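coords below, sequence missing:
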């Protein structure tokens, strides 16, 4: 059993690659929900939906969010009524949010709803939100604390980042299926997908004693660096690391995860950095995933690396 | 100032005709909200939306509900997720429900939201929900009490009707703008549109002392019969009247409103019934509104009739 930890776009790409090389019953994806927010009265889970849509084969490849071929009649009409339109919600995508909101209000846990949506969309592996309790990333900026979507989408990641808080994390517990995997002897690797460590992976690791339990588990922990040549493939990660005084490259990622990880995959472009990484084993490989073949190749690299580390 | 009382489709047609012959500032439409219901967690006001969309020129003429040219991506996706799709919600129409739900949850009164939506959609006259408090029509049937939309849409008006209840009506007050009109000396006629008296008009009249205040107001009250040749133009009214043991024609409508009305407009097809109506003055005219010209012609008939009654 392989357990992947993932945020949205970059994480979903590797999550898809792994889905193409693993049997569905041998693979689970734990998804960050600290980006979740309530917008227009609707419970929106951006990373959960991106992972689910990606594995269902209905994600919009151009944007990285939303559903391919979706229409925007709702948003147009909402604008005419004076509603907020800065967060782009497609008509088909909206069904996910409306139905999730209704089921949450009826008392169903988020993880039950996510599992049901994944099943109905013919997603094979388990898609598990990190927690059924709400956790919200607050980006501390030089303009004060901002909700993550507010920072990322409305403010276009312009404010300078000073740090992060995860509101509610002290009360959160791992979702039941995640909790079981943390102690499952059948788990042969934990894979930290190339997602933003601050806003996608740290919230997962920060719940209860998740970090310690992953560390304690005998399976190797492999991270894939989300930074290539000193830049994030998508998103504000490099700027975040620089404003926090960290190296904005794969060495910074390795330092960030520290003793949690046994191995790190860095891109060919960062070959020269490999020697500067102390602690985890390093594998150099192509990590920029443009095609499905790229995703599958990186998944195979990660799995081979994990097997080597498990045997060592 | 003319005050129209209206339900959905048939009422909205005459409401539009009146809008074409009256100045916006001389005309207000009081709309039934006892059909309102919460569906998928969204506050839906079918009659309010039908009247607003009709006056905005965006109503779907084929269905009588919803927005012309709307798409149904949301509903398709909702079906795939296992959500309820028996109530047809278009993508553009959905914006109205989501934004209304959000604003209601934020504490705004329905009448404020309705006025703002009407303004943004360039509707001239005041569109006023009957009340800011929820009232819900329960149709008492031989299968028990059914919520109105459940009876009408999901059960397709099949159960036999035994009576009606209006849950919450004892706590409802007229919306503020409606309340002011009930005593306004400038009101020169109350027009009861050709809507279902049981489920569209009686809820309006049943709020607090609305019926008594309309009766007390010196302006004449004119009803337009929604039954033509013993049948409703649309909807289950004729079957309702028969199962309640009432004459399913214009005489039954006149009996139903009793001393409240000063005049009733009946269709040419019911010319022979005119002599059987006791109490109100009767005007025979074409009442089936297929075209915009039909709507305008009926509006003129009603206004001329009202002026004649006011002068008598």
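Received the coordinates, thanks. For clarity, every value in this text was computed on a predicted model and none was experimentally measured. Residues are numbered from 1 along each chain as shown, chains lettered A, B, ... in the order given.

and chain A, which residues reach chain B?
Applying Cβ under 8 Å from any Cβ of the partner chain, we find that chain A lies next to chain B at A:40-42, A:67, A:70-71, A:73-78, A:80-83, A:90-96, A:98-99, A:101-102, A:105, A:116-117, A:120-121. No exception for glycine: its C-beta is placed from N, CA and C like everyone else's.

just checking, residue A:18 touches residue A:191?
Yes - between residue A:18 and residue A:191 there is a contact under Cβ atoms under 8 Å: 7.0 Å.

and the strands in chain A, which stretches?
Under the criterion DSSP state E, strands of chain A are mapped to A:2-6, A:27-31, A:37-39, A:42-44, A:126-129, A:136-141, A:144-147, A:161-167, A:189-192, A:221-224, A:227-228, A:231-232, A:263-267, A:281-285.

possible to save those strands as CSV with mean pLDDT and mean neighbour count?
Below are the strands of chain A laid out as CSV (pLDDT from 0 to 100; neighbours: other Cβ atoms under 10 Å in any protein chain shown):
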stretch, mean pLDDT, mean neighbour count
strand A:2-6, 98, 27
strand A:27-31, 98, 26
strand A:37-39, 94, 17
strand A:42-44, 97, 22
strand A:126-129, 98, 26
strand A:136-141, 96, 21
strand A:144-147, 94, 16
strand A:161-167, 96, 16
strand A:189-192, 98, 26
strand A:221-224, 98, 27
strand A:227-228, 93, 24
strand A:231-232, 79, 18
strand A:263-267, 97, 24
strand A:281-285, 97, 18
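
now these as JSON lines including distance to residue B:241?
Converted to JSON lines, the strands of chain A look like this (distance: least, Cβ to Cβ, whole Å):
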{"stretch": "strand A:2-6", "distance to residue B:241": "61"}
{"stretch": "strand A:27-31", "distance to residue B:241": "57"}
{"stretch": "strand A:37-39", "distance to residue B:241": "46"}
{"stretch": "strand A:42-44", "distance to residue B:241": "42"}
{"stretch": "strand A:126-129", "distance to residue B:241": "54"}
{"stretch": "strand A:136-141", "distance to residue B:241": "56"}
{"stretch": "strand A:144-147", "distance to residue B:241": "56"}
{"stretch": "strand A:161-167", "distance to residue B:241": "58"}
{"stretch": "strand A:189-192", "distance to residue B:241": "69"}
{"stretch": "strand A:221-224", "distance to residue B:241": "71"}
{"stretch": "strand A:227-228", "distance to residue B:241": "74"}
{"stretch": "strand A:231-232", "distance to residue B:241": "69"}
{"stretch": "strand A:263-267", "distance to residue B:241": "75"}
{"stretch": "strand A:281-285", "distance to residue B:241": "77"}
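
residue B:236: which of these is closest?
Closest of the strands of chain A to residue B:236 is strand A:42-44, at 34.1 Å (criterion: Cβ to Cβ).

who touches the closest one?
Residues outside strand A:42-44 that contact it (Cβ atoms under 8 Å, 6 or more residues apart in numbering or on different chains): A:36-38, A:87, A:89, A:94, A:97-98, A:100-101, A:104, A:149, B:98.

swap the cut-off to 10 Å and go again
Residues from elsewhere that reach strand A:42-44 (Cβ atoms under 10 Å, 6 or more residues apart in numbering or on different chains): A:35-38, A:87, A:89, A:93-94, A:96-105, A:110, A:113, A:134, A:149, B:41-42, B:98, B:101-102.

hey, where'd the helices end up in chain A?
Taking DSSP state H to define them, one finds helices in chain A at A:9-21, A:46-56, A:73-80, A:91-105, A:110-120, A:148-149, A:176-182, A:202-205, A:210-216, A:237-243, A:250-257, A:292-311.

got these as JSON lines, with mean neighbour count and mean pLDDT columns?
Formatted as JSON lines, those follow (neighbours: other Cβ atoms under 10 Å in any protein chain shown; pLDDT from 0 to 100):
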{"stretch": "helix A:9-21", "mean neighbour count": "25", "mean pLDDT": "94"}
{"stretch": "helix A:46-56", "mean neighbour count": "26", "mean pLDDT": "97"}
{"stretch": "helix A:73-80", "mean neighbour count": "21", "mean pLDDT": "97"}
{"stretch": "helix A:91-105", "mean neighbour count": "23", "mean pLDDT": "98"}
{"stretch": "helix A:110-120", "mean neighbour count": "20", "mean pLDDT": "98"}
{"stretch": "helix A:148-149", "mean neighbour count": "20", "mean pLDDT": "88"}
{"stretch": "helix A:176-182", "mean neighbour count": "18", "mean pLDDT": "98"}
{"stretch": "helix A:202-205", "mean neighbour count": "23", "mean pLDDT": "98"}
{"stretch": "helix A:210-216", "mean neighbour count": "16", "mean pLDDT": "97"}
{"stretch": "helix A:237-243", "mean neighbour count": "20", "mean pLDDT": "92"}
{"stretch": "helix A:250-257", "mean neighbour count": "22", "mean pLDDT": "96"}
{"stretch": "helix A:292-311", "mean neighbour count": "17", "mean pLDDT": "96"}
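
excluding its backbone neighbours, what's nearest the residue in the stretch 151-300 of chain A positioned nearest to chain B?
Across the stretch 151-300 of chain A, the shortest distance to chain B (Cβ to the nearest Cβ) belongs to residue A:154, at 16.8 Å. The shortest distance from residue A:154 to any non-neighbouring residue, by Cβ to Cβ, 6 or more residues apart in numbering or on different chains, is to residue A:86 (5.1 Å).
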